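Colleague: Here is my input, please return the structure:
(chains A and B)
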Amino acid sequence: MPASVQSAGAEPAQPAPRRRRFVLTPYFFVAPAVAIMALGLVYPVLQAFYLALYDWKVGTSLANAPFVGLAHFQRLLSDPDVMESLWVTLRFGFWTISLEMVLGIGLALLLERPIRGASFFRTVFILPLMISPVVVGLIWRYLFDARIGWINYYLGFIGIEPQVWLGDPQLAFFAIVVTDIWQWTPFIFIIVIAGLQALPSEVIEASRIDGANWWQQVFLVKLPMISSILVIALLMRLIDVFRALEVMYIMTGGGPGRSTELLSLHIYNRAFATQQLGYASAIAVLLILVVSAFSLLILRLGNPMRGKSNI
Amino acid sequence: MTQTSSPAGAATPVYRRRNNGIFHYVVLIVLSLICLAPIWIMISTSFKPDVAVQSSTPMWFFFVPTLDNYVNIFGRGNFDRYLGNSLIIALSSTLLTLLAGGLCAYALARAQFRGRSFLANGTLLIRMVPPAVLAIPVFAIVTGFAIDADFVVLILLYTALNLPFAIWLLFGFYQQIPVELEEAAIVDGASPLQVFFQVLMPLMKSGYAVAAIFTFRIAWNEFILALLLTGRQSRTLPVATSTFITDTGVEWGRIMAMGTLIAIPPLLFTFFAARQIIAGMTAGAVKG
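Modeller: Numbers count the residues shown, from 1 in each chain, chains lettered A, B, ... in the order given. Purely as a prediction, here's the structure:
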């Protein structure tokens, strides 16, 4: 979709230098970034589509790998392990994102007003977001440890028996959900608070004068006004769920069973633990297709860079 | 939720002292503690002797601090090398991202050219590629061509992964700068590159700072590609840390010391630039 070419003199009000400045140079300006993204992202993704057509195993030469066509794709659609990982991913996404949205919006509403100490609290609330996922996984693995973990210790006070958190499928799933909520609620918080602060105060003032109470202001005025931001935040989190793997890799390795093996971790395990590189590529292609669908949805909702240059 | 009793229509200012009730602060403090406690537990554990670490009774503050864990990890082979590897890779990729991303964002913000909207949409679309998807093809490419340059490959990958976000972010900042500034410089005879580096760069300091923080954070924290592509000598800190977890006993004191070292740069950035981070994180989302 090429941009419309401006015909010279169509807008006589425009000063000459504006048009002349970027006759050839925009391509020089974008060239380095385009080259790096093509080499580091686009080429590998295309390569994944290609590899998915071969039955390639770790340790063997790719040149000798037999061509299997679309057989991998046929296989994965009825592969219970792949489907289970997809199901785990969707369940994980459902619980984490819905709870993070509620908590993040609540937190933003608490801190929206310029109260004393607001900037301190804001700083504290974004700290978890900045910590390396590997480190987050380590901390929470320590906290959930069955023997020396602090969680079992404090639950003992309210009469809950020590649990083997990371050794039981349901408890392990619960543990990674809690960990994800701790790390990612701040992301929703940041986006929502910036959105709330960008709202024109006259509108909210008007609704107050019309007699709206706090709940009505929030649910009938503020949240509807930032609904597009909320949807974009939700979709970005959804895409992040398909990227997540470090925390589970560190905390559980995907187990017990497949109870915490998200799709991206499944791809990694398939490729390098069970050594099926070709088949794992096919699963990666499935992942790309799922993520692209959500990405296109975001683009539909609004790409801020589309058609809004200053000229 | 402290405002439910507010009388409607009163000519009171929107933000009254009364709204900042004790309840409000209690909730905020409890939530802050939930955010901070795990971080504090990591840092304090890194200063605990093994007896305290292995104790089944949590010790929040009362233990005899020791530097043993830090001495131990620095004494172990190669730790300083891993730290250096992480720094070189993260800093190079941050610089490269800012340079290439800044130029690209500037062109997108200021020029209409054939392919512009394809580039704008495509950039946003490839922002979504999960690193796990890159793992296998990059492994294939590296082994296929027998490339033995872990650093170069990782720097290239991290730059590529970060560019879409950096472009998106810097685009928002460039849009806020009035075009007239550049026009004045051009009338004075400056070339496009001079305009970019000498006129705009200084004005974009805060934009570049935010982009640098986010880029550095991703490159510094990235795990799975580094795990796959680095060898014993070229490991980064997150990879080195993960190798300390084995099935037979976890050395928690040492691991928490490494975790603390990894967390220090991003935590420092956050304290110094929290305000800009909030602004930057949402520069695109809010205006979009």
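
Colleague: Secondary structure element for residue 90, which one?
Modeller: Using chain A. helix A:80-111 (DSSP states H and E).

Colleague: should've been chain B
Modeller: Here B:Ala90 is assigned to helix B:79-110, by DSSP H and E.

Colleague: buried set for that helix?
Modeller: B:79, B:82-83, B:85-86, B:89-94, B:96-98, B:100-110 (16 or more other C-beta atoms under 10 Å in any protein chain shown). Any C-beta I mention is one placed from the backbone N, CA and C, and that applies to glycine too.

Colleague: Stretch B:224-236 now?
Modeller: Buried positions in stretch B:224-236, judged by neighbour count with 16+ other C-beta under 10 Å: B:Ile224, B:Leu225, B:Ala226, B:Leu227, B:Leu228, B:Leu229, B:Thr230, B:Ser234, B:Arg235, B:Thr236.

Colleague: what do you get for stretch A:113-124?
Modeller: Here stretch A:113-124 shows A:Arg113, A:Ile115, A:Ala118, A:Phe121, A:Arg122, A:Thr123, A:Val124 as buried, counting by 16+ other C-beta under 10 Å.

Colleague: cool, stretch A:262-278 as well?
Modeller: In stretch A:262-278, counting by 16+ other C-beta under 10 Å, buried: A:262-272, A:276-278.

Colleague: Could you export those residues as JSON lines, including secondary structure and pLDDT?
Modeller: Output for these, formatted as JSON lines (DSSP: H, G, I helix; E, B strand; the rest coil; pLDDT from 0 to 100):
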{"residue": "A:Leu262", "secondary structure": "coil", "pLDDT": "93"}
{"residue": "A:Leu263", "secondary structure": "helix", "pLDDT": "92"}
{"residue": "A:Ser264", "secondary structure": "helix", "pLDDT": "92"}
{"residue": "A:Leu265", "secondary structure": "helix", "pLDDT": "93"}
{"residue": "A:His266", "secondary structure": "helix", "pLDDT": "93"}
{"residue": "A:Ile267", "secondary structure": "helix", "pLDDT": "92"}
{"residue": "A:Tyr268", "secondary structure": "helix", "pLDDT": "92"}
{"residue": "A:Asn269", "secondary structure": "helix", "pLDDT": "90"}
{"residue": "A:Arg270", "secondary structure": "helix", "pLDDT": "89"}
{"residue": "A:Ala271", "secondary structure": "helix", "pLDDT": "88"}
{"residue": "A:Phe272", "secondary structure": "helix", "pLDDT": "86"}
{"residue": "A:Gln276", "secondary structure": "strand", "pLDDT": "86"}
{"residue": "A:Leu277", "secondary structure": "helix", "pLDDT": "87"}
{"residue": "A:Gly278", "secondary structure": "helix", "pLDDT": "88"}
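
Colleague: Please convert those residues to CSV, extending it with distance to chain B.
Modeller: Below are those laid out as CSV (distance: C-beta to the nearest C-beta, whole Å):
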residue, distance to chain B
A:Leu262, 9
A:Leu263, 8
A:Ser264, 4
A:Leu265, 7
A:His266, 9
A:Ile267, 5
A:Tyr268, 6
A:Asn269, 10
A:Arg270, 9
A:Ala271, 5
A:Phe272, 7
A:Gln276, 10
A:Leu277, 6
A:Gly278, 9
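
Colleague: among the buried residues of stretch A:113-124, which are in helices?
Modeller: Members of those lying in helices (criterion: DSSP state H): A:Ala118, A:Phe121, A:Arg122, A:Thr123, A:Val124.

Colleague: Take those and write them to a markdown table, including pLDDT.
Modeller: A markdown table is the format used below for those (pLDDT from 0 to 100):
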| residue | pLDDT |
| --- | --- |
| A:Ala118 | 82 |
| A:Phe121 | 88 |
| A:Arg122 | 86 |
| A:Thr123 | 87 |
| A:Val124 | 90 |
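
Colleague: Keep only the residues you listed that also lie close to chain B.
Modeller: Intersecting these with the contacts of chain B gives A:Phe121, A:Arg122, A:Thr123, A:Val124 (criterion: C-beta under 8 Å from any C-beta of the partner chain).

Colleague: Let me know the closest of those residues to A:Val290.
Modeller: A:Arg122 (33.8 Å; C-beta to C-beta).

Colleague: Verify the stated contact: the closest one with B:Ala274.
Modeller: Yes: the criterion here is C-beta atoms under 8 Å, and A:Arg122 meets it with B:Ala274 at 5.9 Å.

Colleague: now the residue of chain A found nearest chain B, nearest residue through space, not along the chain?
Modeller: The nearest approach of chain A to chain B comes at A:Gly40, 2.6 Å away (C-beta to the nearest C-beta). Spatial nearest neighbour of A:Gly40, excluding adjacent residues (C-beta to C-beta, 6 or more residues apart in numbering or on different chains): B:Ala160 at 2.6 Å.

Colleague: What's the local residue count around that neighbour?
Modeller: Applying other C-beta atoms under 10 Å in any protein chain shown, we find 27 residues neighbouring B:Ala160.

Colleague: May I see the buried residues of the helix or strand harbouring it?
Modeller: Taking DSSP H and E as the definition, B:Ala160 sits inside helix B:150-175. Using 16+ other C-beta under 10 Å as the test for burial, helix B:150-175 gives B:150-151, B:153-175.

Colleague: picking up where we left off before, can you pull the phi/psi pair for the residue of chain A closest to chain B?
Modeller: Main-chain torsions, A:Gly40, degrees, to the nearest 10: phi -100, psi -20.

Colleague: how close does it get to B:Val152?
Modeller: 11 Å (C-beta to C-beta, to the nearest Å).

Colleague: so how far is the helix or strand containing A:Leu223 from its chain's centroid?
Modeller: Assigned by DSSP H and E, A:Leu223 belongs to helix A:223-225. Computed by C-alpha atoms, centre = their mean, to the nearest Å, the chain-centroid distance of helix A:223-225 equals 23 Å.
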